[in-house]
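*Asks:* what follows is a predicted protein model with its sequence.
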Amino acid sequence: MGDISLRKTGVDEKRAKVHKESKTLLEYTRKAIARLTYLKRTLAQLEDDVAPCDAQMENWKTNLGVMASKERQYMQQYNNYRALLNRVGYTPEINHGVLVEMAEHRKDLEKKTKPILDTLRSYQDLPPDKALAALAIEDKKMQYAAAEKYLEDVLQSALATSD
């Protein structure tokens, strides 16, 4: 009887131990099933999100092809313009500031030479006296030559300072 009683106690302990392990395994299984369900829902959401992303990716690939062709076109235009600038003798020293400065200088020169040109135009109505006309013509030729030399000197100095 004692032997049976000991056996029964051992079996009860084993049963309690197995029951406890079974509960633990059941709890782990429930948690795993809950986690699996969560992961399945997440996977379904991600798969649902993939379709629009694939469409967007195809759209981007198409746009990328268009952009690549535009880049080639723009690079070709750039090279054509660069070759054109080289043919006409463009140098980087010619810039907006230099051109504005030269235009202002030209306006100043025009202001200075305008009275001289107006005076020269007035001599178109020279008197009929040949000697006076010849004298006036010589005088105006000298003034004109002096103005021309002055203009040439100023332009040369302007070009020298812009270099």
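*Replies:* Thanks, I have it.
*Asks:* show me where the protein has its helices.
*Replies:* For the chain, the helices defined by DSSP state H cover 2-88, 96-122, 130-162.
*Asks:* save these as a markdown table, and put in mean neighbour count and mean pLDDT too.
*Replies:* Glycine gets a C-beta too; all of them are placed from N, C-alpha and C. Putting the helices of the chain into a markdown table (neighbours: other Cβ atoms under 10 Å; pLDDT from 0 to 100) gives the following:
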| stretch | mean neighbour count | mean pLDDT |
| --- | --- | --- |
| helix 2-88 | 10 | 92 |
| helix 96-122 | 12 | 88 |
| helix 130-162 | 12 | 86 |
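*Asks:* what about residue 147, distance to residue 118?
*Replies:* Between residue 147 and residue 118 the distance, using Cβ to Cβ, to the nearest Å, works out to 12 Å.
*Asks:* thought residue 136 was touching residue 124?
*Replies:* No. Here residue 136 does not reach residue 124: they are 10.9 Å apart, not a contact under Cβ atoms under 8 Å.
*Asks:* hey, what's in contact with both of the two?
*Replies:* Common neighbours of residue 136 and residue 124, counting by Cβ atoms under 8 Å, 6 or more residues apart in numbering, are absent.
*Asks:* how about residue 90, phi and psi?
*Replies:* Phi and psi for residue 90, reported as degrees, to the nearest 10, are phi -70, psi 140.
*Asks:* next, count neighbours for it.
*Replies:* Counted with other Cβ atoms under 10 Å, the neighbours of residue 90 add up to 12.
*Asks:* show me the contacts for residue 114.
*Replies:* Counting by Cβ under 8 Å, 6+ apart, there are no residues that residue 114 touches.
*Asks:* what about it, distance to residue 8?
*Replies:* Per Cβ to Cβ, residue 114 is found 133 Å from residue 8.
*Asks:* can I see the domain layout of the protein?
*Replies:* 1-90, 93-163 (automatic domain parsing).
*Asks:* so how far is the first one off the chain centroid?
*Replies:* On the basis of Cα atoms, centre = their mean, to the nearest Å, domain 1-90 is displaced by 36 Å from the centre of the chain it belongs to.
*Asks:* over to the shortest one?
*Replies:* A distance of 46 Å separates the centroid of the chain from that of domain 93-163, by Cα atoms, centre = their mean.
*Asks:* ok, now how distant is residue 161 from residue 48?
*Replies:* 71 Å.
*Asks:* ok, now residue 67?
*Replies:* Using Cβ to Cβ, residue 67 is found at 29 Å from residue 48.
*Asks:* cool, and residue 69?
*Replies:* Remark: distance between residue 69 and residue 48 (Cβ to Cβ) = 34 Å.
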